[in-house]
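Undergrad: I'll drop the sequence and a predicted model, then ask my questions.
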Amino acid sequence: MNPYSAVELIRAKRDGHTLPDAAIAWLIRAYTDGQVADEQMSAMAMAIFFRGLDDTELASWTAAMIDTGERMSYTGLRRPTVDKHSTGGVGDKITLPLAPLVAACGAAVPQLSGRALGHTGGTLDKLESIKGWRASLTGAEILAQLKDVGAVVCAAGAGLAPADQKLYALRDVTGTVESIPLIASSIMSKKIAEGADGLVLDVKFGSGAFMQGLDEARELARRMVALGQAAGVQAVALLTDMNTPLGLTVGNALEVREAIEVLAGGGPADVVELTLALAGEMVQLAGLDTDPAKVLASGRAMDVWRRMISAQGGDLDAALPKARHTDEWTAAASGIITCLDAMAIGVASWRLGAGRARKEDTVQAGAGIELLARPGDRVRAGQPLLRLHTNTPEAFAAAREALSVAVTIGDRAPATRPLVVDRIG
Ligand code: URA
């Protein structure tokens, strides 16, 4: 006999009551096993959307999701393990230079990543634009690569928090994705199951982010850091601005090229700044006394990148794919760029073929957008501001429609905004 009734628990949450730990553990397990129906879990997700979960409920909810799957273990590694998670943004290629940089500083970086969905890109899609590179590794391969190279970026296996996979798919079709406790438990169940000793969260706010408002992003960061710490993972979050795309490229191969520029000691200032800010936090959590800026300048991070890519079959000598067609978006007026909207540029890049609308869709490695100017730049009417890349030129019209709200040109330079706005932890 069931110890709890799903209907009673839904009613309790709907009416604003606190759910007991044991009831939450039962509900998550029973849902994963198929004893609690999708429609009941949908109702519960909606009740949580409106009523929330307090800190104790959230910790129980997250622990119950972790308990539905396996936990990775890195025993036998001589280096401290530290991981990074970004809540997702446009042009966010930071994992690519960051993982080898932090490994070159002396930590082991197991970076289990995802694919693009919607307007934000996915790290695995970016790396798959490198000929031969393989995203799927076994647990033994991950461990061996962490020992030999210090960094691995690969697909998260289906065995980590399977409850989240089922629940996330349900939230996606029931209007319940945008709930801070459900997002926090979804992200942290996977990250805690990944088993690193330390975790740095890059929580983004702004037009191209999951959380548009700074206050909501801060609340998400606070709850994720508390969950990590309660589970014995040292966690810190940086709140970072995602109103403008990061760097000068959006799209898979375009972003890999830019990440390699950063590893070679160049690259756009904002990408370098965020890479070093996150690396600084990761190195500190790992207890290492190393300056990531010096390590980046020494070229050692580039050496780790090369070994990391080759270890997964990537051909470092093969040229990165290029799209067959390009088009330009030009300035409608003369003046100073006051806004380059991350969401509009993300959507346009996705429509050009860099992202996917459904999980089954394939992505074009060469598709995307290059930014030829940044906010604060003075431009003249007719000057090219964005270069669009695609293999499917019929996509230009839809991309251009998304771009119609992307660029604002004014008379005065916009106020300079910090990229890293706050730190929680
Ligand atoms: N990413 C996740 O993994 N889960 C969410 O709920 C939102 C973003």
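TA: Yep, that arrived. Residues are numbered from 1 along each chain as shown.

Undergrad: Please work out the residue of the protein nearest to the ligand and name it.
TA: Going by C-beta to the nearest ligand atom, the ligand is nearest to Ser186 of the chain, at 3.4 Å. In this view, the C-beta of every residue, glycine as well, is placed from N, C-alpha and C.

Undergrad: Please, which helix or strand holds that residue?
TA: Taking DSSP states H and E as the definition, one finds Ser186 inside helix 180-193.

Undergrad: Show me what that helix is packed against.
TA: helix 38-51, helix 55-66, strand 82-86, helix 162-172, helix 214-230 (3 or more C-beta pairs under 8 Å, 6 or more residues apart in numbering; DSSP states H and E).

Undergrad: Now with 10 Å, please.
TA: helix 38-51, helix 55-66, strand 82-86, strand 109-113, helix 162-172, strand 198-205, helix 214-230, strand 234-241 (3 or more C-beta pairs under 10 Å, 6 or more residues apart in numbering; DSSP states H and E).

Undergrad: Go through the longest one and flag the buried ones.
TA: Burial within helix 214-230, assessed by neighbour count using 16 or more other C-beta atoms under 10 Å, is assigned to 214, 216-228, 230.

Undergrad: and the angle for that helix with strand 82-86?
TA: Using axes from the mean of the first three to the mean of the last three C-alpha atoms, to 10 degrees, the inter-axis angle of helix 214-230 relative to strand 82-86 is 150 degrees.

Undergrad: is any part of helix 214-230 close to the ligand?
TA: No: if you take C-beta under 6 Å from any ligand atom as the test, helix 214-230 misses the ligand, and the best it gets is 9.4 Å.

Undergrad: any low-confidence regions in the stretch 251-400 of the chain?
TA: Judged against pLDDT under 70, the stretch 251-400 of the chain has no low-scoring part.

Undergrad: That one: strands as residue ranges?
TA: For the stretch 251-400 of the chain, the strands defined by DSSP state E, counting those that start in this stretch cover 325-330, 335-340, 368-371, 378-379, 384-390.

Undergrad: deepest of those strands, which one?
TA: strand 368-371 (a mean of 24; mean count of other C-beta atoms under 10 Å).

Undergrad: CA-only coordinates of that strand in CSV, if you can.
TA: C-alpha atoms of strand 368-371 as CSV (Å, rounded to 0.1, in the frame of the first residue of the first chain):
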residue,chain,number,x,y,z
GLY,A,368,25.6,31.9,-36.5
ILE,A,369,26.3,35.6,-36.2
GLU,A,370,29.5,37.6,-35.9
LEU,A,371,29.2,41.0,-34.1
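
Undergrad: From the contact counts, what lies against that strand?
TA: strand 249-250, helix 252-263, strand 325-330, helix 342-349, strand 384-390.

Undergrad: so the helix holding Ser186 versus strand 198-205, what angle?
TA: Using the same axes, to 10 degrees: helix 180-193 against strand 198-205 is 150 degrees.

Undergrad: and the direction of helix 180-193 versus that of helix 162-172, what angle?
TA: Counting by the same axes, to 10 degrees, helix 180-193 points 150 degrees away from the direction of helix 162-172.

Undergrad: residues of helix 180-193 that come out buried?
TA: 180-193.

Undergrad: Kindly report the same for stretch 198-214.
TA: 198-212, 214.

Undergrad: Endpoints of it, how far apart?
TA: 24 Å (C-alpha to C-alpha, to the nearest Å).

Undergrad: for the buried residues of helix 214-230, which one is nearest Ala163?
TA: Proximity of the buried residues of helix 214-230 to Ala163 (C-beta to C-beta) peaks at Leu227, which lies at 15.2 Å.

Undergrad: Pretty sure Ile183 is one of the things the closest one touches, is it not?
TA: No: using C-beta atoms under 10 Å, Leu227 is not in contact with Ile183, being 11.2 Å away.

Undergrad: For Thr392, which non-adjacent residue is closest in space?
TA: Gly353 (5.7 Å; C-beta to C-beta, 6 or more residues apart in numbering).

Undergrad: now Leu214
TA: Phe205 (4.8 Å).

Undergrad: Run through the bridge partners of that neighbour.
TA: Beta-bridge pairing for Phe205 (DSSP bridges): Met211, Asp241.

Undergrad: just checking, it touches Leu238?
TA: No: between Phe205 and Leu238 there is no contact under C-beta under 10 Å: 11.1 Å.

Undergrad: ok so Cys154 is a helix residue?
TA: No: according to DSSP: H, G, I helix; E, B strand; the rest coil, the state of Cys154 is strand, so it is not within a helix.

Undergrad: neighbours of it, just the number please.
TA: For Cys154, the count of nearby residues is 22 (other C-beta atoms under 10 Å).

Undergrad: can you check Leu239 too?
TA: Residues near Leu239, counting by other C-beta under 10 Å: 21.

Undergrad: sec struct for the residue nearest to it when sequence neighbours are not counted, please.
TA: Leaving aside its sequence neighbours, Leu239 sits nearest to Asp422 (C-beta to C-beta, 6+ apart; 4.3 Å). Of the three states, Asp422 takes strand according to three-state DSSP.

Undergrad: give me every residue that touches Asp422.
TA: 203, 205, 214, 217-218, 221, 237-240 (C-beta atoms under 10 Å, 6 or more residues apart in numbering).

Undergrad: Gly368 versus that one, what's the distance?
TA: Counting by C-beta to C-beta, to the nearest Å, the gap between Asp422 and Gly368 amounts to 30 Å.

Undergrad: Now distance to Thr362 too, for the strands of the stretch 251-400 of the chain, in TSV please.
TA: TSV is the format used below for those (distance: least, C-beta to C-beta, whole Å):
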stretch	distance to Thr362
strand 325-330	18
strand 335-340	28
strand 368-371	15
strand 378-379	35
strand 384-390	14
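
Undergrad: Arg51: which of those is closest?
TA: Comparing those under C-beta to C-beta, the one sitting nearest is strand 335-340, at 36.4 Å.

Undergrad: Show me what that closest one is in contact with.
TA: Contacts for strand 335-340 (C-beta under 10 Å, 6+ apart): 90, 207, 243-245, 331, 371, 373-381, 385-386, 405-415.

Undergrad: Just the buried residues out of the residues you listed, in ChimeraX syntax.
TA: To isolate the buried subset of these in ChimeraX, counting by 16+ other C-beta under 10 Å, use the following:
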select :90,207,243,244,245,331,371,373,374,375,377,379,385,386,406,407,409
